[in-house]
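J.: Sequence below, structure please.
(2 chains)
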Amino acid sequence: MKRRNAVILIVAPIVLLAGSPAYADKIFVSNERDNTVTVLDSDSLEQIKTIATGRRPRGIVTGPDKKEVFVCVGDDNAVQVIDPNTLEVVRTMDSGPDPELMDVAKDGKTIYVANEDDSMVTIMKPDTGELIIEVPVGVEPEGMRVSPDGKVTVATSESSSMAHFIDNATNELMANVLVDTRPRHAEWEPDGQNVWVSSEIGGTVSVIDGTTREVVKVIGFEIPGVSPEQIQPVGMRFSKDGKRIFVALGPANRVAVVNADTFEVEDYVLVGQRPWHLEIDPDGSRLYVANGLTNDMTVIDLETLKPLKSVPVGRLPWGIAITP
Amino acid sequence: MSFGSVLSRIAVTALLLAIPAHGYAVKNPGNGVSQQAEASQEDRKQPESKTKVDIFYLGKKYKEPIPLSLLEPILTDKGVQGARLGILDNNATARFLGVETVLHEHIVPEDGDVVAEAKKILAEGPQLIVADLEPADLLAVAELSEAKDALILNMRSADDRLRQENCRYNIVHVVPNWAMRADALAQYLVWKKWPRWMIVKGVKPEDDDYAEAIKRAAKRFGGKVVEERTYKFEAGSRRVETGHQQIQSQVPDVTRNAADRDVVFVVDTGEAFGLYFMYRTADPDPVVGTHGLTASIWHRAFEQWGGMSLQTAFDKLAERDMTERDYGGWLAVRAFGEAATRSPKKDVRSLRDYILSDKFRVAGFKGQKMTVRPWDHQLRQPVLIMGPRALVSISPQDGFLHQHFPTDTLGFDEPESACLFPESTESETTVQR
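T.: This is a model prediction of the structure:
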């Protein structure tokens, strides 16, 4: 911690001088314990506002147009919508029991919600909250990702250890792929070829071919001085060019940097305690990491792969979304 | 060819490969939806099963003490309800993979012959058995010649001897033993810098066992048992008019004129007096042990790592709170289900080998994988340190280090093991990673 603070003092001014974008982005962090979303300015990393939400906010995403921020408030069985301009909750939609994570269709007209307590994926309209259909999947669904071409949604079920492929045209299951124990998150390669699934308890990431739906690679992690039980992959994001993927490792307190072509682990970046989810900024230069147990967010410079700064957010930060 | 050599070879092969779990692609989820987009929801819920795996729940209606607190219901279906939920969870996955697990409940009356029941179950070959049995019955079943190639999951007994000199190759213990529980509490107390303990134990043999485990834990982690007393107290009826007055004067007597201590370690496995110690000891002592601050693997107030979804599902099924024994039953059935999902072969011997191999892992809402210690077949797992109404901590505690698994600081680690599996002593020296 001390060492990192020292680095900030030197690096922070350089970053600011090196040319910040004309308009700062807004960073939204869901705080599971506080029932709030913290909003930060991406330039100053100062808090702009703390938005009160429903109970137990976890999954937080934006649509393709970035005009709305969706937050799953599990204990209220609802999805809330935040207007990134006014920073107010503008809609609350019944989502079925215990929504944990969700994603938005590429045309913005459909949302896919994982109902953790109910073994269902709820498919609904984001504007009216109208239910389209519920798709039964395995036990404890969580991860949810629409493919880049918008045709497929992958849902992971934690207790069943599966990645379920949903055909977005018919809302039917196309395939169910067994992966390592407790899959938490799915992330498509930007070109849509493979989908990566992180397994928290298994401690691995499975790479599944998006067409054949075969597991093509299982990636493990090894960190000197960290017990294998503490390595728990959860959140993942690809770099903008798709050449690297960043994997938050939970109690290992690190983000792994994995080469997306060779599947080799290139680096581990030390962050706060128990990083869960992360998000990359729109120009691809920084990675933001929500550290659940230290109540802060680490900012990583993606050129140097060094942490620039950790800023306080609410209690038990869970996920991150960014709007321009 | 002896079975033991086959097993050891499998174990060695698995270690050599050292590959993380494979994924299995399932192109046809067993419901034809990839072709028939219009297939109805109903079809998807009930695909045609390809493989059936039988799980036998073998129990006995032992006489159990009535809980002292009126808030705790008197239950007659502890354990088996958890097993039933485990089957539902197994089959929620099986629905996509075409592997179905089926629970067969065999629970004999208090004076029933559990060995005869086991012989019936094993008449046509080895089986997968979830044992809700006390040590003597468990060993009697495990020692049947018909049970040699079976796999029995102990979901009930905390007996330390079952993990030491009375260990059996065909038994895996999914619940923690007294030593693990005592170590879990001891680590927390030492972390708190409350190292001086006064033990007050009842007169049941299990009370002696737990007290021995506490003394062992004190030695391991730098605690000290400053005084040990035995308290003979008949619980009697839990509802008596003005009963509190006698207890109010008796408990201080039992704890008076004793050495200085930080906590009173109450050991009352028979549910006779433990509940009465809180707020009644001679000095203002925190109460830990079987009552007060306890060590367990499940509690109604536990919700972390998705645990709430298990609590909710159990409540929906059984219309009551999930007890620790229910969790044991659930975990045992899930362990078999996990093997049935991931083992390429689904026959009893293959599933048994899979659970005893280093590929096996099971998740149980504890935030980490649980694996089997090869030296005594005890499931490694974190232990909850629970207050009466909420979680206080989870052991192992930070700072108690182990070269391989932090959870191996709880209970009998490999160098302390007195277990000798006669069949495959060679592979037992290898630490499962």
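
J.: distance of whichever residue of the stretch 101-250 of chain A sits closest to chain B from A:Pro148?
T.: Residue of the stretch 101-250 of chain A nearest chain B, by CB to the nearest CB: A:Val215 (3.3 Å). The C-beta positions use only the backbone N, C-alpha and C, and glycine is treated the same way. As judged by CB to CB, to the nearest Å, A:Val215 and A:Pro148 stand 20 Å apart.

J.: more neighbours, those two?
T.: Between A:Val215 and A:Pro148, counted using other CB atoms under 10 Å in any protein chain shown, the more crowded position is A:Val215 (22 against 16).

J.: and the more buried one, how far is that from B:Lys345?
T.: 19 Å.

J.: got the CA coordinates for the helix or strand hosting A:Val216 in PDB?
T.: Using DSSP states H and E, A:Val216 maps to strand A:215-220. Output in PDB follows, covering the C-alpha atoms of strand A:215-220 (Å, rounded to 0.1, in the frame of the first residue of the first chain):
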ATOM      1  CA  VAL A 215     -13.700 -25.900 -24.600                       C
ATOM      2  CA  VAL A 216     -10.500 -25.200 -26.500                       C
ATOM      3  CA  LYS A 217      -8.300 -24.200 -23.500                       C
ATOM      4  CA  VAL A 218      -8.400 -24.200 -19.700                       C
ATOM      5  CA  ILE A 219      -6.100 -21.500 -18.200                       C
ATOM      6  CA  GLY A 220      -4.800 -21.900 -14.600                       C
END
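
J.: tell me what that strand is packed against?
T.: Counting by 3 or more CB pairs under 8 Å, 6 or more residues apart in numbering or on different chains; DSSP states H and E, the packing neighbours recorded for strand A:215-220 are strand A:204-209.

J.: Which other helices and strands does the strand it packs on contact?
T.: In terms of contacts (3+ CB pairs under 8 Å, 6+ apart), strand A:204-209 is packed against strand A:194-199, strand A:215-220.

J.: ok, and for that strand, which residues are buried?
T.: A:Thr204, A:Val205, A:Ser206, A:Val207, A:Ile208 (16 or more other CB atoms under 10 Å in any protein chain shown).

J.: again, but for stretch A:231-248
T.: In stretch A:231-248, counting by 16+ other CB under 10 Å, buried: A:231-239, A:244-248.

J.: so what strands line up beside whichever helix or strand A:Val39 is part of?
T.: A:Val39 is located in strand A:36-41, with elements delineated by DSSP H and E. Strand A:36-41 pairs in its sheet with strand A:26-31 (antiparallel), strand A:47-52 (antiparallel), by DSSP bridges.

J.: mind giving me a markdown table with the ones you listed and columns for mean pLDDT and distance to A:Lys109?
T.: Below are the strands paired with strand A:36-41 laid out as a markdown table (pLDDT from 0 to 100; distance: least, CB to CB, whole Å):
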| stretch | mean pLDDT | distance to A:Lys109 |
| --- | --- | --- |
| strand A:26-31 | 98 | 22 |
| strand A:47-52 | 97 | 25 |
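
J.: Mind putting these into TSV with mean neighbour count?
T.: TSV is the format used below for the strands paired with strand A:36-41 (neighbours: other CB atoms under 10 Å in any protein chain shown):
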stretch	mean neighbour count
strand A:26-31	26
strand A:47-52	15
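
J.: Select, out of these, the one closest to B:Glu105.
T.: strand A:26-31 (43.6 Å; CB to CB).

J.: Could the C-alpha coordinates of the closest one be exported in PDB?
T.: Taking Å, rounded to 0.1, in the frame of the first residue of the first chain, the C-alpha atoms of strand A:26-31 are listed here in PDB:
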ATOM      1  CA  LYS A  26     -18.200   9.000 -15.600                       C
ATOM      2  CA  ILE A  27     -17.400   5.800 -13.600                       C
ATOM      3  CA  PHE A  28     -20.200   4.100 -11.800                       C
ATOM      4  CA  VAL A  29     -19.400   1.600  -9.000                       C
ATOM      5  CA  SER A  30     -22.000  -0.500  -7.300                       C
ATOM      6  CA  ASN A  31     -21.600  -0.900  -3.500                       C
END
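
J.: Outside of that strand itself, list whatever touches it.
T.: A:37-42, A:48, A:53, A:57-60, A:69, A:71, A:82, A:84, A:279, A:288, A:290, A:297, A:313-324 (CB atoms under 8 Å, 6 or more residues apart in numbering or on different chains).

J.: helix, strand or coil for the residue nearest the centre of chain A?
T.: Central residue of chain A (CA atoms, centre = their mean): A:His277, 4.5 Å from the mean position. The assignment at A:His277 comes out as strand when based on DSSP: H, G, I helix; E, B strand; the rest coil.

J.: In this structure it contacts A:His185, no?
T.: Yes. If you go by CB atoms under 8 Å, A:His277 and A:His185 touch, sitting 7.5 Å apart.

J.: all helices of chain A, in order?
T.: Taking DSSP state H as the test, the helices found in chain A are A:2-17.

J.: low pLDDT regions in it?
T.: Within chain A, the stretches with pLDDT under 70 are A:1-22.

J.: still on that earlier bit, check the offset of the strand holding A:Val39 from the chain's centre.
T.: 16 Å (CA atoms, centre = their mean, to the nearest Å).

J.: ok, residues contacting that strand?
T.: Contacts for strand A:36-41 (CB under 8 Å, 6+ apart): A:24-31, A:46-53, A:57, A:60, A:69, A:71, A:82, A:87, A:297, A:311, A:313-314, A:317.

J.: Contact partners for the residue in the stretch 101-250 of chain B that chain A sits nearest to?
T.: Residue of the stretch 101-250 of chain B nearest chain A, by CB to the nearest CB: B:Thr101 (13.1 Å). Neighbour list for B:Thr101: B:Lys52, B:Val53, B:Asp54, B:Ile55, B:Ile87, B:Asn90, B:Asn91, B:Ala94, B:Val333, B:Phe336, B:Gly337, B:Ala340 [criterion: CB under 8 Å, 6+ apart].

J.: Repeat the analysis, applying 6 Å as the threshold.
T.: B:Thr101 makes contacts with B:Val53, B:Ile55, B:Ile87, B:Asn90, B:Gly337, B:Ala340, as judged by CB atoms under 6 Å, 6 or more residues apart in numbering or on different chains.

J.: which SSE is the fifth one in?
T.: To tie it back to what came earlier, the one meant is B:Gly337. Per DSSP H and E: helix B:324-342 holds B:Gly337.

J.: One more: the third one?
T.: Element membership of B:Ile87 [criterion: DSSP H and E] is helix B:80-97.

J.: That helix and chain A, are they touching?
T.: Yes. Against chain A, helix B:80-97 shows contacts by CB under 6 Å from any CB of the partner chain at B:Asp89, B:Ala92, B:Thr93, B:Phe96.

J.: by how many degrees do the very next helix or strand once past that helix and helix B:324-342 diverge?
T.: The C-terminal neighbour of helix B:80-97 among helices and strands, as given by DSSP H and E, is strand B:99-108. Counting by axes from the mean of the first three to the mean of the last three CA atoms, to 10 degrees, strand B:99-108 lies at 140 degrees to helix B:324-342.

J.: by contact count, what packs against the helix or strand following strand B:99-108?
T.: Sequence order places helix B:114-121 as the next helix or strand after strand B:99-108, per DSSP H and E. Counting contacts by 3 or more CB pairs under 6 Å, 6 or more residues apart in numbering or on different chains; DSSP states H and E, helix B:114-121 packs against strand B:99-108, helix B:135-142.
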